[in-house]
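Asker: Structure for the following, please:
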Amino acid sequence: MKPTSKYEKIQQIILGMKQPSYRYQQITTAIFQQRIGEYEQMKMLPKPLRDELIRELGHSVSSVTPVLEKQSAQVSKLLFAVAGGERVEAVRLSYKRGWESYCISSQCGCGFRCSFCATGTMGLKRHLTADEITDQLLNFHINGHALDSVSFMGMGEALANPYLFDALKILADPQLFGLGHRRITVSTIGILPGMIRLMEEYPQVNLTFSLHSPFDEQRSQLMPINDRFPLDEVMDALDHHIQRTGRKVYIAYILLRGTNDSIEHAEAVAALLRDRGQWEHLYHVNLIPYNSTDETVERYEQTDRNRVNAFVQMLKSKGINVTVRTQFGSDIGAACGQLYAEGKM
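Answerer: Purely as a prediction, here's the structure:
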């Protein structure tokens, strides 16, 4: 049975105690505007209601508890404790123009075992609930940070978690987080049923597809999911997504030295994205420098600058939109592919 979110439980408590319906707005205002993180501190509520909220939901508004924090230039990584003794990580990125962006987790661990990713070595412990997903963001908000944009690029495969869509509903609710759909990004390794549902229910949410190799056989070695959802089927779904929504699709491509960073790979990426119809200009490649980790069995290294530049120039010469992602947080294990929730951080 699907877990009930705390916001639904709060409404049930208010109804059960025959409290006026405006109490719910008082509570959401306390959380999201006054940044009050404990029910006992909501002094505008009658004490019996505060006591019942604490009895049903605990003292803290958040279901995740910060355990450790690491910081470096423009990056903060938080380790959260969640129910069952598990740990997850979330990352805050502060851009110089004043934008605050967040990378949050959707699962404890991940079961898809991409060969270059530290999180995949943990295996899947469990799905995070909608509250546990959104409370990572709520923790930053209550501590005074602006919520400008959020990406599901932390631990886990978001579209494999059935509670993702409940989390999106909470994030988009104007009475709660009030995030516009275009300020939310969901990243996937190519989970077709989830991609189709996202297109139908949240067509304006940004979609990022992790490619990492344009060659089927190699992609299956790097990312076993390719055997289940082959690249050509995923690309057809992305074409449909673009045609239906008119929105850009981002193609994430981690450059692994000597593995997928050759000119032949760049040519094949370009060939994959060209001749896909009148919408092909809405594909945008994000090249991501690899971030080394000691957790994976296979050892990979970061591509040198000259090979990155050559890859970029090849894509551009074929008319492909491409950006090299700025690298943040690798020194604190907070960069792409490095999240591995352990106590020592």
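Asker: check contacts around Phe209.
Answerer: Listed by CB atoms under 8 Å, 6 or more residues apart in numbering, the contact set of Phe209 reads Ser187, Thr188, Ile189, Gly190, Val234, Leu238, Val249, Tyr250, Ile251, Ala252. Heads up, the C-betas are built off the backbone N, CA and C, glycines and all.
Asker: Assumed the first one was part of a strand.
Answerer: This means Ser187. Yes. Assessed by DSSP: H, G, I helix; E, B strand; the rest coil, Ser187 belongs to a strand.
Asker: Tell me the spacing between it and Cys103.
Answerer: Here Ser187 is placed at a distance of 9 Å from Cys103 (CB to CB, to the nearest Å).
Asker: which residues does the closest residue in space to Leu68 that isn't next to it in sequence bridge with?
Answerer: Among residues not flanking Leu68 along the chain, Leu79 sits closest, at 4.3 Å (CB to CB, 6 or more residues apart in numbering). Applying DSSP bridges to Leu79 yields these beta-bridge partners: Leu68, Glu89.
Asker: on that earlier part again, of the contacts of Phe209, which is the nearest to Ser60?
Answerer: Ser187 (28.7 Å; CB to CB).
Asker: With respect to Ser94, which of the contacts of Phe209 is nearest?
Answerer: Checking those one by one against Ser94 (CB to CB), the nearest turns out to be Ser187, at 20.3 Å.
Asker: I'd like to know how many residues surround that closest one.
Answerer: For Ser187, the count of nearby residues is 21 (other CB atoms under 10 Å).
Asker: who touches both of Ser187 and Cys103?
Answerer: What both Ser187 and Cys103 touch, as defined by CB under 8 Å, 6+ apart, is the set Ser151, Met153.
Asker: thinking the residue nearest to Leu68 is in contact with Glu86, fair?
Answerer: No. With contacts counted by CB atoms under 8 Å, Leu79 stays clear of Glu86, the gap being 10.9 Å.
Asker: For the two, indicate the residue with more neighbours.
Answerer: Applying other CB under 10 Å to Leu79 and Glu86 shows that Leu79 carries more neighbours, namely 21 against 17.
Asker: gap between the more buried one and His59?
Answerer: Relative to His59, and taking CB to CB, Leu79 is found at 21 Å.
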